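Engineer: here is my input, please return the structure:
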Amino acid sequence: MQKGLYSAIQELLPECEQRMCARHILARWSQHWKGIERRKMFWDCAISTFEAQLRRNLDKLALLGEGISNSLATLNHERWSKAMFKTTSKCDSVDNNMAESFNAWVLGTRLSSVCLKKLGQR
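Structural biologist: Numbers count the residues shown, from 1 in each chain. Below you'll find the model as predicted:
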């Protein structure tokens, strides 16, 4: 469903920086690379502030398994690692917690109003 959205944004806003949620990247990546230490190292890579720090963290991650660092590098770290984000953007969030938090709040309000309407119909 989002593939159409992705291509539409590329067509309409070709210069726009497109990011991916690090939490979703982690979920996909950790299907092959399990373990708490690997998860911690992934987050160290995601929140790295500078490219040199990202490289160091990827090197540390490589010590946890053969091919592990390369598999993460193939996931286009320009879109999920803070070190690679453009400096013109004022938001350095690497996940979509803000959007999910808002959606949860709206859902709660929406459910309350639906319940109230149903009670009013009785």
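
Engineer: got the contact list for whichever strand or helix holds Arg39?
Structural biologist: According to DSSP states H and E, Arg39 maps onto helix 36-46. With CB atoms under 8 Å, 6 or more residues apart in numbering as the contact definition, helix 36-46 has outside contacts at 22, 25-26, 29-30, 54, 57-58, 60-61, 64-65, 68, 72, 77, 80-82, 94. C-betas here are computed from N, CA, C, even on glycine.

Engineer: which parts of the chain are helices?
Structural biologist: For the chain, helices defined by DSSP state H occupy the ranges 2-12, 22-29, 36-46, 51-62, 68-73, 97-121.

Engineer: quick one: residues contacting the residue nearest to Tyr6 when sequence neighbours are not counted.
Structural biologist: Nearest non-adjacent residue to Tyr6, counting by CB to CB, 6 or more residues apart in numbering: Gln18, 7.5 Å away. Taking CB under 8 Å, 6+ apart as the criterion, Gln18 is in contact with 6, 9-10, 79.

Engineer: hey, least reliable of the helices of the chain by pLDDT?
Structural biologist: Sorting the helices of the chain by mean pLDDT places helix 97-121 lowest, at a mean of 63.

Engineer: which pLDDT value goes with the residue nearest the centre of the chain?
Structural biologist: With distances taken as CA atoms, centre = their mean, Cys21 lies nearest the centre of the chain, 1.4 Å away. Note on Cys21: pLDDT of 82.

Engineer: about what we covered before: select only the buried ones of the contacts of helix 36-46 in PyMOL?
Structural biologist: Filtering the contacts of helix 36-46 down to the buried ones (16 or more other CB atoms under 10 Å) takes a single PyMOL command:
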select buried, resi 22+25+26+29+54+57+58+61+68+72+77+80+81+82+94
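
Engineer: distance of Leu12 relative to Gln18?
Structural biologist: 12 Å (CB to CB, to the nearest Å).
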